[in-house]
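1. After the sequence you'll find the predicted model.
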Amino acid sequence: MNKEFTFAINSICFDEDYQPSENTRITTNFANLARGESRQENLRNTLTMIDNRFNSLAYWDNPEGNRYAVTLEIISVEMKIEGEDGANALPLIEILKTNILDRKTGEHIEGIAGNNFSSYVRDYDFSVVLLEHNKDRPGFSTPDGFGDLHGKLFKCFVNSSAYRDNFAKPPVICLSVSSSKTYRQTANRHPVLGVEYRQDEYSLTDEYFEKMGLKVRYFMPPNSVAPLAFYFTGDLLADYTDLELIGTISTMDTFQKIYRPEIYNANSPAGKSYQPSLKHQDFSLTRIVYDREERSRLAVEQGRFVEDQFIKPYQAILEQWSADYAL
């Protein structure tokens with residue numbers, strides 16, 4: 001008989017006093033900011049950048065540019081396998097939830113869940129499985145079934161009662177565009193999302209997220225310098241309000257300026273035909289300290305961790321569940 005998977009959701013506020021929990025992936029973007037001597041200054045500056053970006057986009061009835069404040073929750077998802085011993089559930093993913101305070105009316109507006117996306121199993125897929133598959137091989141390829149398990153686990157979570165009980169709308173995940181692809185500007189314009197870009201073929205990340213049930217569109221918001229990749233179900237433009245979308249844009253545009261300044265804090269905007277590059281030299285640095293090399297190294301360590309603690313011990317159960325799983 002196929003095992004049942006259940007999910008538990010925990011939430012912690014991401015503010016200047018945030019301390020990563022022991023179960024948080026240390027390669028997670030927001031956890032990386034909260035480490036070292038500059039941790040509190042990092043966090044304070046990041047949150048200020050998010051608020052400023054939000055108000056610049058939500059400019060109507062906002063003459064002083066300070067009407068709104070964004071608060072962030074880190075949502076940690078744990079998975080329990082039916083009938084398995086052990087007090088601790090398995091850490092699965094972490095996402096961010098935005099919430100918006102309208103200082104003029106006092107209203108608290110629920111934002112979108114998703115935004116940043118962190119996953120132990122994705123670390124395993126990209127930092128262990130993919131590297132081993134391509135070791136000593138000519139060219140680059142993905143192994144059969146690459147991303148299948150992760151995609152089904154994500155779908156199972158989003159369709160679970162745990163998700164429905166905590167979030168009003170499906171998630172939107174916002175990531176950097178791929179440096180291996182060329183993006184071309186279209187005539188489509190959205191007042192909040194900005195100008196739409198398209199590309200001729202999906203990136204590996206696009207294909208991986210497609211297995212999670214997510215479509216992708218690329219938009220460069222007003223006063224941004226590069227398009228962002230938005231992963232979603234349903235209709236991105238119709239299913240979410242302008243303020244909900246601005247919450248995601250302001251949060252992830254800020255994070256990308258910190259993590260990929262060569263692309264998102266470049267000194268000139270993307271043209272009609274655009275290929276991102278981390279080797280670009282004409283960019284500005286934020287005042288926020290971030291160790292990108294450490295993050296890449298730790299991703300491999302955490303991929304090995306999930307292999308030892310999750311994939312190998314539960315391999316038979318996971319394979320059977322994946323083979324039988326259907327929406």
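-> Thanks, I have the structure now.
2. could you pull out the helices for the stretch 201-327 of the chain?
-> Under the criterion DSSP state H, counting those that start in this stretch, the stretch 201-327 of the chain contains helices at 204-210, 236-239, 242-259, 261-264, 292-306, 315-324.
3. which of the ones you listed sits most buried?
-> Counting by mean count of other C-beta atoms under 10 Å, helix 242-259 has the highest mean neighbour count of the helices of the stretch 201-327 of the chain, with a mean of 24. Bear in mind the C-beta positions are built from the backbone N, C-alpha and C, glycine included.
4. for the record, mean pLDDT for that helix?
-> The average pLDDT for helix 242-259 rounds to 95.
5. can you pull out the strands in this structure?
-> 5-14, 68-81, 90-102, 108-119, 172-176, 183-190, 194-198, 215-220, 228-232, 273-274 (DSSP state E).
6. Give me the contact list for the shortest one.
-> If I follow you right, that is strand 273-274. Applying C-beta atoms under 8 Å, 6 or more residues apart in numbering, the contact partners of strand 273-274 are Thr182, Tyr183, Arg184, Gln185, Tyr197, Ala226, Pro227.
7. for stretch 277-289, same thing?
-> 33, 36, 38, 41-42, 45-46, 49, 179, 257-258, 260-263, 265-268.
8. List the buried residues of it.
-> Of the residues in stretch 277-289, His280, Phe283, Thr286, Ile288, Val289 count as buried by neighbour count, 16 or more other C-beta atoms under 10 Å.
9. Relative to Phe117, which of the residues you listed is nearest.
-> Ile288 (20.3 Å; C-beta to C-beta).
10. so what pLDDT did that closest one get?
-> Reported pLDDT for Ile288: 77.
11. thinking again about what came up before, turn the helices of the stretch 201-327 of the chain into TSV, including distance to Asn62.
-> Shown next, in TSV, are these (distance: least, C-beta to C-beta, whole Å):
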stretch	distance to Asn62
helix 204-210	33
helix 236-239	22
helix 242-259	11
helix 261-264	24
helix 292-306	34
helix 315-324	48
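12. Figure out which of the ones you listed is closest to Asp61.
-> Short answer: helix 242-259, nearest of the helices of the stretch 201-327 of the chain by C-beta to C-beta, at 11.8 Å.
13. what angle sits between that closest one and strand 183-190?
-> 150 degrees (axes from the mean of the first three to the mean of the last three C-alpha atoms, to 10 degrees).
14. how far is helix 242-259 from where the chain is centred?
-> Centroid separation between helix 242-259 and its chain, computed with C-alpha atoms, centre = their mean, to the nearest Å, is 11 Å.
15. again, but for stretch 139-156
-> 17 Å.
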